[in-house]
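K.L.:
everything below, folded, please.
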Amino acid sequence: HPHGPPCRDAHLSLSPCTGVVPFVALLLLQRRPVAGRALLVTGSSCPTHSLCRSNVQEQTRRQVALLNATAQDLFSLYLKCQGEPFSSETNKLCNTSSIFFPPFRVNRTSERKEVMVAMYKLFAFLNASLGNITRDQEELNPTAKELLDRLHNTTKTTRGLISNLTCLLCKNYNIFQVDVSYGESSKTKSSFKKKQQGCQVLRKYVQVIAQAARILLPHLSPP
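P.N.:
Numbers count the residues shown, from 1 in each chain. As a prediction, this is how the structure comes out:
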């Protein structure tokens, strides 16, 4: 029934939703956190022609602010859609201490270049993780349209942000390669473990995006 609750359990075929292409698809097949080198641009150096839109800094600022503003709602909706025991035992099941997340060791006094590189690493990891979570939810909750839409929109914003950070790193610092780490794939895990990994990653995301916004936004504000 199209007007039923968006998160009810249903055993249907996969949702026809499309549009989530993991940042580096092959790396999602790995079983453990893996490290890689993201080539931000093709070739051995930054292109001499303009890579950035004129409003790239403002756009980047808006994307970070949007992700920060919507992160908690995404996590809450995700929890609701997983049902019990996730709703009642959130602290225990979604404990973030056991999951890998890129260390974010910059603060407001860090160099702008350092902040940009840390941001790139964070959002490259997050983009791959969102691809993982979305794939799992299309399988586990194919009728949860609101959740799937939010995951797709978050992924889209994250991809745009990565593109803008790529341009800023190249244009301002001539950085065209960054060592990045990607999280563990949940592809072969049980339904419960898939739900749990998504829950842990999204909870950590809520914490980290708030910190990232506090640090990055002043660096992107107009002079």
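
K.L.:
could you check how far His152 is from Gly83?
P.N.:
According to C-beta to C-beta, to the nearest Å, His152 stands 21 Å off from Gly83. (Glycine included, C-beta is placed from N, CA and C.)

K.L.:
which one's more surrounded, those two?
P.N.:
A side-by-side neighbour count of His152 and Gly83, using other C-beta atoms under 10 Å, places His152 first with 17 against 14.

K.L.:
surely the more buried one and Thr134 touch.
P.N.:
Yes - counting by C-beta atoms under 8 Å, Thr134 is a contact partner of His152 at 6.8 Å.

K.L.:
count the neighbours of the nearest residue to Leu161 once chain neighbours are set aside for me.
P.N.:
With sequence-adjacent residues excluded and distances taken as C-beta to C-beta, 6 or more residues apart in numbering, Leu161 is closest to Gln63, at 4.3 Å. Other residues within reach of Gln63 by the criterion other C-beta under 10 Å amount to 22.

K.L.:
what helix or strand is Gln63 on?
P.N.:
Of the helices and strands defined by DSSP states H and E, Gln63 is found in helix 56-82.

K.L.:
ok, residues contacting stretch 207-215?
P.N.:
Contact partners of stretch 207-215, identified using C-beta atoms under 8 Å, 6 or more residues apart in numbering, comprise 64-65, 67-68, 71, 96, 101, 104, 106-108, 110, 115, 119, 122.

K.L.:
buried ones in that stretch?
P.N.:
Of the residues in stretch 207-215, those scored as buried under the neighbour-count criterion (16 or more other C-beta atoms under 10 Å) are 208-209, 212-213, 215.

K.L.:
geometrically speaking, which residue is the centre of the chain?
P.N.:
With distances taken as C-alpha atoms, centre = their mean, Leu126 lies nearest the centre of the chain, 2.8 Å away.

K.L.:
many thanks, have a good one.
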